[in-house]
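In: Below is the sequence, then the predicted model.
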Amino acid sequence: MSSLEPPIDLSPAFGPESGRCLLRATAAADADGVIQPAHLVVEAGRLLAVGTPDEIGPVDTKIVDLGPRVVIPALVNAHAHLDLTNVGPISIEAGFDAWLGEIRTRRPSDPQSTHAAVRAGVRASIAGGVVAVGDIAGAFGLDATRALAEGPLGGVSFVEVFGIGERLSAGEAAVDRIAGDAGLRELERPGFRIGISPHAPYSCGRNVFERAAQTDFPVSTHLAETPEEAAFTQDATGPFIDLLRRVG
């Protein structure tokens, strides 16, 4: 069995024809605390009750024993880069700007590779208990957005845009293009939306942020990640100046 597959068959409790079922777990935990051991009563995929065995009492229904597992609420990954799933670890020892350069070099550049990476990220997310993501969909990442829209995860796919210096107007145009793309709206479904992500203060001018904020799309950005970003935004100094010159 692949490590990305669920470790136990829960279809008796969450299948389309499932009735009432008792789940037995080592523990159940949420923000309010831990119940150990835990019994959970579910019906048609909905949680009806959770408590200790004494609190739940006898239940005349089918039982699924989860073994030595802890049950937690579904997770939300508020900031993901699913199209980078297959890139692998990259050392940051040479500095954040060099790390960004490696990301630009290694990230998928064709639809097939992008779709494969996003699908791998979706599988890993589900295996980790994630049901919704805020995904930064690459540079003008419509391929990544479409791949995520086709899958089961909820959340927002933030289409990434860049635009600063000589490319400021290109960034504004990209925001307008996304906001006016009726086909992107058709990808939305209950629990899943399209958003816009001006990449960061060192790669997008103020006009790009303002343009994105004027749309009715959710907006996300990378903010306050490194001391070098502060040097760039406050004093126009540091390695980001050289990085921007290298990419034109």
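Out: Alright, I've got the coordinates. Remember, predicted model here, so these are calculated numbers, not experimental data.

In: so how far is Ala117 from the residue nearest the centre of the chain?
Out: Centre of the chain computed as the mean C-alpha position; nearest residue by C-alpha atoms, centre = their mean is Val133, 2.9 Å away. Val133 is 14 Å from Ala117, where distance means C-beta to C-beta, to the nearest Å. From N, CA and C alone the C-beta is placed, and that goes for glycine too.

In: For the top helix by length along the chain, C-alpha coordinates in CSV please.
Out: The longest helix of the chain (DSSP state H) is helix 111-127. Presented in CSV, the C-alpha positions along helix 111-127 are these (Å, rounded to 0.1, in the frame of the first residue of the first chain):
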residue,chain,number,x,y,z
PRO,A,111,1.4,21.8,-18.2
GLN,A,112,2.1,18.1,-17.8
SER,A,113,4.7,18.6,-15.2
THR,A,114,2.7,21.2,-13.4
HIS,A,115,-0.4,19.0,-13.3
ALA,A,116,1.6,16.0,-12.0
ALA,A,117,3.2,18.1,-9.2
VAL,A,118,-0.1,19.6,-8.1
ARG,A,119,-1.8,16.1,-8.1
ALA,A,120,1.1,14.8,-6.0
GLY,A,121,0.7,17.7,-3.6
VAL,A,122,-3.1,17.1,-3.3
ARG,A,123,-2.5,13.4,-2.5
ALA,A,124,0.1,14.3,0.2
SER,A,125,-2.3,16.9,1.6
ILE,A,126,-5.2,14.5,1.9
ALA,A,127,-2.9,11.9,3.5
